[in-house]
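Q: Could you look at this predicted model? Sequence included:
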Amino acid sequence: MTSAADTLGIYIHVPFCLRKCPYCDFYSCENSLQKRDAYVQAVCRNLDFYGDGRYVDTIYFGGGTPSLLTPKHIETILSHAGVVFELKKPEVTMEINPATVTAETLDGCRRAGVNRISIGVQDLNDEALRTLGRLHTAQQAIDTVYAAREAGFENISCDLMIGTLGQDSGRLRETLERLTSLPITHISAYLLKIEDGTPYAAQNMKQRVPNDDESADLYMEMTDFLRKHGFFQYEVSNFAKKDFESRHNCRYWKCLPYLGIGPAAHSCMDTRFYVPADLDGFINAEKQTVITEDSSPCTIEERIMLGLRLVEGIPLEWLGERQKHLAERFIKAGFMSQSDGRLSFTPAGFLVSNAILAEILYED
Ligand code: SF4
């Protein structure tokens, strides 16, 4: 029998965007058909290089904007992966920007083998979407959900952003009400982070968006709302209907192996490594250049840190005596909980998890 640790997840970073959003620091570049064709060829060359017949049970097209690839591109990559790896009923996710898809492309992607769609909705308020520099309206995002459903997708996730300019409890609630009434199975909700070097940082957005306390209130209100509407939190930023957790993303938190292909993609196999953020370098190289970050990853500290992102938490036996003693203090304070021999964060604990983890893992 194959254990989860013997299987592999594949992450493909698609580095094209129509336009850069002012808050985003992911690697992406301008889109051209010629570059996209050359990029797809390079992805296939790299699949050949790494392909060792291993079982692959998740494939994730992330970006950037993977929906700028054509269904034919997706089909080429997936059929190639099927030749050099053993695809084991894989969950195949593709990130979609509502400004870039039609009913036809969604249908084509499903036929090519994609079975899970992650839609970059971010908000369902048009003013908020304009401020975020998004190229779609709330109605377009809603139409994309219905078009995906119409195309036969039963596993649909939406991304949501918390703590954005002008967001208050009323506006968040309106978006959540509209979002949870759609035929979706999963929500990823991220707190807006102003990254250095982005246009948002230059516009001094840190001073203008909800402060940490206000964002924490919005987060707590959201977790409560989603739970009451059938979306169960399984990770600090992720909520799903029963059995619709993202299998691919769970690999990251459970320290299971994944291979990243494409500029700026990260991998964790026997070592942890990444590919430089350089599209032309990736296209021109026979095999992608990789830079090793860690030659012996998945230490117990790392497993504790990643495992505690999950609501199921970690086995208590992973902790030493000093750490267990500290954990008891956080349980009494309402930031952690313990049941069936496992330790986990409460929703309030997730908000301060970095500080708690620093104490548990690194202070003597
Ligand atoms: S579409 Fe996504 S990846 Fe591209 S710039 Fe906007 S947020 Fe970043």
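A: Nice, thanks for sending it over.
Q: alpha carbons only for contacts and neighbour counts from here, please
A: OK.
Q: Would you map the helices across the protein?
A: Ranges of helices within the chain are 33-50, 71-84, 103-112, 126-131, 138-150, 169-180, 199-202, 212-228, 247-253, 279-284, 300-307, 321-332, 347-351, 353-362, based on DSSP state H.
Q: how about CSV for these, with mean pLDDT added?
A: Output for the helices of the chain, formatted as CSV (pLDDT from 0 to 100):
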stretch, mean pLDDT
helix 33-50, 96
helix 71-84, 97
helix 103-112, 97
helix 126-131, 95
helix 138-150, 98
helix 169-180, 98
helix 199-202, 94
helix 212-228, 96
helix 247-253, 97
helix 279-284, 97
helix 300-307, 96
helix 321-332, 95
helix 347-351, 93
helix 353-362, 91
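Q: could I get these as CSV with distance to residue 60 and mean neighbour count?
A: Formatted as CSV, these follow (distance: least, C-alpha to C-alpha, whole Å; neighbours: other C-alpha atoms under 10 Å):
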stretch, distance to residue 60, mean neighbour count
helix 33-50, 13, 17
helix 71-84, 11, 18
helix 103-112, 13, 19
helix 126-131, 25, 15
helix 138-150, 17, 19
helix 169-180, 23, 16
helix 199-202, 28, 16
helix 212-228, 25, 16
helix 247-253, 7, 18
helix 279-284, 19, 17
helix 300-307, 19, 18
helix 321-332, 35, 15
helix 347-351, 26, 20
helix 353-362, 27, 15
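Q: Of the ones you listed, which is nearest residue 25?
A: Taking C-alpha to C-alpha, helix 199-202 is the member of these nearest to residue 25, at 9.7 Å.
Q: That closest one near the ligand at all?
A: No - Helix 199-202 lies out of reach of the ligand by C-alpha under 6 Å from any ligand atom, never closer than 11.4 Å.
Q: could I get that helix in PDB with only the CA atoms?
A: What follows is helix 199-202, C-alpha atoms only, in PDB (Å, rounded to 0.1, in the frame of the first residue of the first chain):
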ATOM      1  CA  PRO A 199       2.700  50.300  -4.700                       C
ATOM      2  CA  TYR A 200       0.500  49.800  -1.600                       C
ATOM      3  CA  ALA A 201       3.500  50.300   0.700                       C
ATOM      4  CA  ALA A 202       4.500  53.400  -1.300                       C
END
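Q: could the helices of the chain go into TSV alongside distance to residue 4?
A: TSV is the format used below for these (distance: least, C-alpha to C-alpha, whole Å):
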stretch	distance to residue 4
helix 33-50	19
helix 71-84	19
helix 103-112	25
helix 126-131	39
helix 138-150	30
helix 169-180	32
helix 199-202	40
helix 212-228	29
helix 247-253	9
helix 279-284	30
helix 300-307	15
helix 321-332	28
helix 347-351	27
helix 353-362	26
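Q: I'd like to know which of the ones you listed lies nearest to residue 241.
A: helix 212-228 (9.6 Å).
Q: Who are the packing partners of that closest one?
A: If contacts are counted by 3 or more C-alpha pairs under 8 Å, 6 or more residues apart in numbering; DSSP states H and E, helix 212-228 sits against strand 156-162, helix 169-180, strand 232-235, helix 347-351.
Q: Please identify which of those is closest to residue 211.
A: That would be strand 156-162 among the helices and strands packed on helix 212-228, by C-alpha to C-alpha, at 11.4 Å.
Q: Up against the ligand, what does the chain have?
A: 17, 20, 21, 24, 26, 63, 64, 65.
Q: Distance of the second one relative to residue 32?
A: Just to be clear, that refers to residue 20. 15 Å (C-alpha to C-alpha, to the nearest Å).
Q: cool, the fifth one as well?
A: Distance of residue 26 to residue 32, given as C-alpha to C-alpha: 18 Å.
Q: quick one on the thing from earlier: who has more neighbours, residue 20 and residue 32?
A: More neighbours surround residue 20 than the other of residue 20 and residue 32, with 19 against 12 (other C-alpha atoms under 10 Å).
Q: so what's that one closest to, chain neighbours aside?
A: Among residues not flanking residue 20 along the chain, residue 28 sits closest, at 7.7 Å (C-alpha to C-alpha, 6 or more residues apart in numbering).
Q: quick one: contacts for that neighbour?
A: Going by C-alpha atoms under 8 Å, 6 or more residues apart in numbering, residue 28 touches 14, 15, 16, 17, 20, 63, 64.
Q: what's around residue 193, how many residues?
A: Neighbours around residue 193, by other C-alpha under 10 Å: 17.
Q: I meant to write residue 14 there.
A: 29.
Q: Run through the bridge partners of it.
A: residue 63 (DSSP bridges).
Q: Please tell me I have it right and it contacts residue 73.
A: No - if you go by C-alpha atoms under 8 Å, residue 14 and residue 73 don't touch, sitting 11.3 Å apart.
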